[in-house]
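**Q** Let's see this in three dimensions:
(one chain, ligands or ions: 2)
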Amino acid sequence: FFRSHMATKHVYQLGEACFFRHHEESWSIGKVIEKLGDGLIKVRADEATTASPTCSPQKDVVPSRLSGGPIKTCPISGDFTLSEEDLAPLVDGALAPVSDLLNMPWLHDAALLHHIRSHYFKDTMYTALGPIVVALNPFTWSIPQYKDERMADYIKEGTFGLHGCSKQPVHTWSIAHLAYWQLRTTRMNQTILVTGESGAGKTEAVKMAIRYLAAVSSAQASEAIREKTTAITQKLDATSPILEAFGNAKTLLNDNSSRFGKFVAVHFDTQGLICGCEITAYLLEKSRVVQHASGERSFHSLYQMVAGATPAERKEWGLTASPKDYRALAAGGEPTIEGVDDAEDYRAVRRAMDVMGMSSADQNGVYRICAGILHLLNVQFSTKVGDSGANEVARPEGQDLASLQRAASLLEVDAEVLLNSLTVKRTQLFTKPLNPSQSANNRDALCKALYSGVFNYLINCINALFTPDAVQAASRESSPTKEVSPRRASLAPLRASPKASGLWVGLLDIFGFERFDQNSFEQLCINLTNERLQSHYAECIFRRDLDEYKAEGLDVDQISYQDNQPVVDLLSGKGGVFDLLNSECRNPSGTDT
Ligand SMILES: Nc1ncnc2c1ncn2[C@@H]1O[C@H](COP(=O)(O)OP(=O)(O)O)[C@@H](O)[C@H]1O
Ligand SMILES: [Mg+2]
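**A** Ligands and ions are numbered 1, 2, ... in the order given. Predicted coordinates for the structure are as follows:
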């Protein structure tokens with residue numbers, strides 16, 4: 001069937017219903033009204049089928065949250081002249097609902113989008129694609145069938161769901177359920193890969209999956225054991241506001257966009273109960289500390305501390321209450337986010353740090369460094385003509401000097417030493433005064449390194465808290481307020497040696513694909529990561545199966561798929577873009593151009 005539709009050229013008849021490419025809707029439905037010759041065909045949009053199915057009231061919130069503008073719920077009308085390649089036949093049954101996209105009678109982008117779109121407008125955010133779940137971001141938590149209470153129905157299925165006979169509609173929970181029971185029955189570690197564009201809902205999906213893993217693993221346990229697991233999951237929940245405060249920022253695509261990738265391995269003990277977790281963070285977009293695009297923000301944590309510091313903290317950190325006073329925070333224009341209370345979020349993060357057992361001295365240390373960064377980034381360098389006649393940095397004065405001294409005091413270094421290290425190049429043989437732009441580069445590099453140091457420190461604190469030893473020690477404590485100190489726990493190796501069972505379910509939440517008007521090096525790295533994941537996906541889904549079919553003597557030449565391996569090779573292969581960048585960086589006379 002697949003071949004018959006792919007291999008033969010379709011001849012369109014007058015009056016025939018078809019899919020056609022639409023400049024806004026991607027693909028729409030219409031019927032052929034005229035054949036103009038030279039492969040051109042005139043199509044009339046079918047108002048009745050292009051009108052979105054009745055839109056539920058929850059969708060009202062969508063238009064204001066989506067960067068792409070409001071979702072069209074109005075029918076498309078009018079005539080369109082298109083080349084034949086921009087048409088796709090609407091075969092019998094193509095529009096009939098399918099519960100699994102693998103069962104679509106006609107494999108084509110147009111039909112695929114049609115099914116996903118109609119699911120979305122029927123409040124069915126999740127669609128099965130064989131073992132994969134395709135999820136659309138509903139931007140609302142009020143859809144009844146996805147409320148947390150429904151988790152119990154999935155949990156009840158136990159191993160029944162393993163055999164592809166689950167009665168429950170697909171959901172992030174079904175994937176987590178499957179991963180958990182596969183782990184228990186096969187004793188093989190599992191990984192759930194969450195991928196999609198920035199703002200697609202990946203991070204929320206991971207949080208949902210972790211909550212489900214906690215619930216399913218403790219469902220059969222006694223009340224006492226469940227209480228212990230609840231304590232662990234409470235701490236796991238507490239990690240989200242901390243990671244999101246320090247690693248997330250508002251971008252044009254997502255008000256709460258993760259600016260780092262993470263792999264969370266949730267560890268289970270021999271009874272299948274959660275006994276720890278380990279987070280590996282990748283590539284924090286630290287350049288955001290010093291610059292961000294118009295309409296975006298730097299990391300939430302910096303706005304939160306400015307908005308929410310207590311009077312005593314404000315005094316100690318020398319902070320005003322206005323983000324506009326800090327160059328690092330004001331660059332994007334509007335430093336607040338609609339519907340977000342940074343001050344309240346600051347308090348929530350501090351509470352989460354308490355739940356994690358971080359001492360107030362450690363918390364304070366983290367925020368002191370952040371305040372130091374804000375002050376240091378306010379220091380601007382101006383020019384003077386030096387003894388050699390070249391332009392050099394003039395000694396900072398006024399506000400610049402005050403900001404420098406404040407930063408030095410918060411970072412616990414001598415102000416003169418700090419100034420010197422930013423404005424003078426020192427080698428074993430000579431010292432050379434730098435110009436303002438070189439000094440500003442040094443200042444920025446220092447701030448980026450400091451912020452990523454803070455971020456890594458927090459990840460290490462979290463991991464230390466969740467090593468099986470730390471978890472055991474914490475669960476031995478009778479009072480839930482007496483947590484194990486991260487300092488003490490951090491003496492243990494940071495890479496959790498898995499508990500007795502050694503089994504884990506990993507969740508990969510990588511930053512989503514991005515394309516801005518101006519794309520930094522980080523965007524290139526982010527997009528390369530996504531290309532590699534896509535390639536891995538193609539490998540698992542297509543390449544391996546096709547190789548198997550070929551080995552069995554089947555003719556698979558007609559089956560093609562979009563393979564992005566050439567893109568991956570171009571970027572990261574031998575002699576590729578990253579190779580060239582690396583050699584340019586190693587070259588002492590290398591330049592940015
Ligand atoms: N399942 C969901 N239900 C409701 N809202 C969601 C859901 N997933 C995501 N959102 C909303 O979309 C925003 C972006 O989601 P997020 O998970 O941060 O995207 P990503 O990690 O893919 O960039 C969230 O802040 C939340 O407001
Ligand atoms: Mg995210």
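**Q** C-alpha only now, for contacts and for neighbours.
**A** Fine.
**Q** pLDDT weak spots in this structure?
**A** 1-8, 47-75, 468-501, 590-593 (pLDDT under 70).
**Q** domains in it, as residue ranges please.
**A** Here the domain assignment for the chain is 1-112, 521-586, based on automatic domain parsing.
**Q** And these: which comes nearest ligand 1?
**A** Proximity to ligand 1 (Cα to the nearest ligand atom) singles out domain 1-112 among these, at 8.2 Å.
**Q** and the stretch 51-200 of the chain, which residues reach ligand 1?
**A** 137-141, 198-200 (Cα under 6 Å from any ligand atom).
**Q** So residue 507 belongs to a helix, correct?
**A** No - counting by DSSP: H, G, I helix; E, B strand; the rest coil, one finds residue 507 to be strand, located in no helix.
**Q** shouldn't it be in contact with residue 189?
**A** No - counting by Cα atoms under 8 Å, residue 507 stays clear of residue 189, with 11.2 Å between them.
**Q** okay, those two: which has more neighbours?
**A** residue 507 (24 against 17; other Cα atoms under 10 Å).
**Q** Give me the three-state assignment for the residue of the stretch 451-593 of the chain found nearest ligand 2.
**A** Here the stretch 451-593 of the chain gets closest to ligand 2 at one residue, residue 511, 5.8 Å apart by Cα to the ion. Secondary structure state of residue 511, per three-state DSSP, is coil.
**Q** Can you verify my assumption that it contacts residue 198?
**A** Yes - the criterion here is Cα under 8 Å, and residue 511 meets it with residue 198 at 6.7 Å.
**Q** Show me which of these two is the more surrounded one.
**A** Using other Cα under 10 Å, the more surrounded residue of residue 511 and residue 198 is residue 511, with 30 against 22.
**Q** Identify the residues contacting that one.
**A** By Cα atoms under 8 Å, 6 or more residues apart in numbering, the contact list for residue 511 reads 198, 258-261, 526.
**Q** Kindly reformat the domains of the chain as JSON lines containing distance to residue 334 and mean neighbour count.
**A** Listed next are those as JSON lines, based on distance: least, Cα to Cα, whole Å; neighbours: other Cα atoms under 10 Å:
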{"stretch": "domain 1-112", "distance to residue 334": "17", "mean neighbour count": "16"}
{"stretch": "domain 521-586", "distance to residue 334": "23", "mean neighbour count": "14"}
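**Q** Tell me where the stretch 51-200 of the chain has strands.
**A** Using DSSP state E, counting those that start in this stretch, the strands of the stretch 51-200 of the chain run over 79-83, 87-89, 126-129, 132-135, 190-194.
**Q** Just the closest residue of the stretch 201-350 of the chain to ligand 1, please.
**A** Among the residues of the stretch 201-350 of the chain, residue 201 lies closest to ligand 1, at 3.2 Å counting by Cα to the nearest ligand atom.
**Q** which of the residues of the stretch 51-200 of the chain next to ligand 1 lies closest to residue 379?
**A** Checking these against residue 379 with Cα to Cα, the nearest one is residue 198 at 33.1 Å.
**Q** residues touching the nearest residue to the closest one once chain neighbours are set aside, list them.
**A** Distance criterion Cα to Cα, 6 or more residues apart in numbering; nearest residue to residue 198, sequence neighbours excluded, is residue 512 at 4.1 Å. When contacts are counted by Cα under 8 Å, 6+ apart, residue 512 touches 195-200, 526-527, 530.
**Q** can you put the strands of the stretch 51-200 of the chain in JSON lines and add distance to residue 273?
**A** Formatted as JSON lines, the entries for the strands of the stretch 51-200 of the chain read as follows, by distance: least, Cα to Cα, whole Å:
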{"stretch": "strand 79-83", "distance to residue 273": "58"}
{"stretch": "strand 87-89", "distance to residue 273": "50"}
{"stretch": "strand 126-129", "distance to residue 273": "27"}
{"stretch": "strand 132-135", "distance to residue 273": "25"}
{"stretch": "strand 190-194", "distance to residue 273": "15"}
